[in-house]
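Undergrad: Compute the structure for the input listed below.
(chains A and B)
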Amino acid sequence: MGLAVVDRAWIGLELPEFEVVITPEALQDFARTLGETNPVYLDADAARELGYRSIVAMPTYSIALGTRGDFTGGLLERLGVALSRVLHGSQRFVLHRPICGGDRLRGRKRVTDVYEKKGGALGFVETRLDYRSETEELVAEELCTLVIPP
Amino acid sequence: MIPSAQWLTASSARELEAGQEIATFTYGPVTMDMIKSYATASNDHNPIHLDSAEARDAGLPDVIAHGMLSMGVLSRLVTGCAPASAIREIQARFISMVGIGAVLHCSAWVVALTLDGDSTRLEVGLSARDGKGKEFTTGAAKIWWVA
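TA: Reported below is the predicted structural model:
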């Protein structure tokens, strides 16, 4: 048996809550970078005409809020795992309503599952990051699977 | 907003059939500038995306694009054909790495259509492949018009 690459004791570990204010400029930059042309994601007036409060975030935009240095939001440092060893396996966003410019959100990330495959050679860490509004409304959920090869 | 995509509404979506392609476009070739720009916009400065020497130290032939860049590109299949308020979920699996020069052939197709009274729930498949059909990133999205 090789050395375990993951530890089930990580399940439940939570990172400190953080607060973010969504700026229209950051939403625009993100959309432009991906080559988006739908004005709802680029222009506040166009978005308001369609009934949104301001520019709408692209569906994967919240990833930029939780990266905070490395793409896991500091989780790897907490787990003592080197960034260079980790692969991004899969990612899911559940959107309860569109995120818009001007939104103030609070993010809370925790480890929801840890498991191994291939006789312990491959480690998996699943995380969940919830974004809530100032009124505690659940706005978006980000579910991530990290893969740690031997 | 993608030339090949038809704009979907609650009623036009009801006419779709499983397997039907709803949007396609091509992204790339991927350049260092695109990766740098995505690193800044997404606040992900992992050196394997930005520094050739660091990428080689990590066992890669050269820098690779963020998996999330390919997912962001796939999301355009959905943002290009459905209203923002109807996009309820998007997910992706990162199958193979996207290097400099890669061209992503992206497509979205109907996986399932569920009609429930006046509500329309559409599930679409998403994929980004190279010119030979090898998958870079695959995914799915849920587009709901809930009455």
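
Undergrad: how many neighbours does the single nearest residue of chain B relative to chain A have?
TA: Of chain B, the residue with the smallest distance to chain A, taken as C-beta to the nearest C-beta, is B:Gln91 at 3.7 Å. Heads up, the C-betas are built off the backbone N, CA and C, glycines and all. Per other C-beta atoms under 10 Å in any protein chain shown, the neighbour tally for B:Gln91 reads 18.

Undergrad: Tell me, how many residues neighbour the closest residue to it other than its chain neighbours?
TA: Leaving aside its sequence neighbours, B:Gln91 sits nearest to A:Arg92 (C-beta to C-beta, 6 or more residues apart in numbering or on different chains; 3.7 Å). A:Arg92 is flanked by 18 other residues according to other C-beta under 10 Å.

Undergrad: From A:Tyr41, how far off is the residue of chain B closest to chain A?
TA: The gap separating B:Gln91 from A:Tyr41 is 19 Å, by C-beta to C-beta, to the nearest Å.

Undergrad: Let me see the contact set for the residue nearest to B:Gln91.
TA: A:Arg92 sits next to A:141-144, B:89-92 when contact means C-beta atoms under 8 Å, 6 or more residues apart in numbering or on different chains.

Undergrad: hey, where'd the strands end up in the chain?
TA: As the question left the chain open, I've gone with chain A. Using DSSP state E, the strands found in chain A span residues A:18-21, A:87-95, A:104-117, A:122-132, A:138-148.

Undergrad: you looked at the wrong chain, it should be chain B
TA: Here chain B has its strands, by DSSP E, at B:21-27, B:87-94, B:104-116, B:119-129, B:135-145.

Undergrad: just so I know, which of those lies nearest A:Glu49?
TA: Nearest of the strands of chain B to A:Glu49, taken as C-beta to C-beta: strand B:87-94 at 18.5 Å.

Undergrad: what lines up beside that closest one in the sheet?
TA: In the sheet, strand B:87-94 lines up against strand A:87-95 (antiparallel), strand B:135-145 (antiparallel) (DSSP bridges).

Undergrad: That one vs strand A:138-148, what angle?
TA: Computed by axes from the mean of the first three to the mean of the last three C-alpha atoms, to 10 degrees, the angle separating strand B:87-94 from strand A:138-148 equals 10 degrees.

Undergrad: Give the rounded mean pLDDT of strand B:87-94.
TA: Summarised as a single mean, pLDDT over strand B:87-94 is 98.

Undergrad: what sits up against it?
TA: By C-beta under 8 Å, 6+ apart, the residues outside strand B:87-94 that reach it are A:59-60, A:87-96, A:98, A:143, B:67, B:70-71, B:74-75, B:78-79, B:126, B:136-144.

Undergrad: out of these, which are buried?
TA: For those, a neighbour count by 16 or more other C-beta atoms under 10 Å in any protein chain shown gives the buried set as A:59-60, A:88-95, A:98, A:143, B:67, B:70-71, B:74-75, B:78-79, B:126, B:136-144.

Undergrad: so what's the residue nearest in space to the middle of chain B up against?
TA: Closest residue to the average C-alpha location of chain B: B:Leu74 at 0.9 Å, with C-alpha atoms, centre = their mean. B:Leu74 makes contacts with B:90, B:92, B:106, B:108, B:126-128, B:137, B:139, as judged by C-beta under 8 Å, 6+ apart.

Undergrad: gap between the closest residue to B:Phe94 other than its chain neighbours and A:Asp7?
TA: Nearest residue to B:Phe94, sequence neighbours excluded (C-beta to C-beta, 6+ apart): B:Gly67, at 3.8 Å. Note on B:Gly67: its distance to A:Asp7, by C-beta to C-beta, is 24 Å.

Undergrad: What does A:Gly12 show for phi and psi?
TA: Note on A:Gly12: backbone dihedrals following degrees, to the nearest 10 are phi 100, psi -10.

Undergrad: Would you agree it is in contact with A:Arg110?
TA: Yes. Under the criterion of C-beta atoms under 8 Å, A:Gly12 makes contact with A:Arg110 at 6.7 Å.

Undergrad: Neighbour count for the two, which is higher?
TA: A:Arg110 (16 against 11).

Undergrad: Give the bridge partners for that one, please.
TA: Counting by DSSP bridges, A:Arg110 is bridged to A:Glu14, A:Arg128.

Undergrad: Quick check: which ranges of the chain have low pLDDT?
TA: Just going to use chain A. Within chain A, the stretches with pLDDT under 70 are A:1-4, A:69.

Undergrad: sorry, should have said chain B
TA: For chain B, applying pLDDT under 70 flags the ranges B:1-4.

Undergrad: max-length helix in it?
TA: Secondary structure of chain B per DSSP state H: the longest helix is helix B:67-79.
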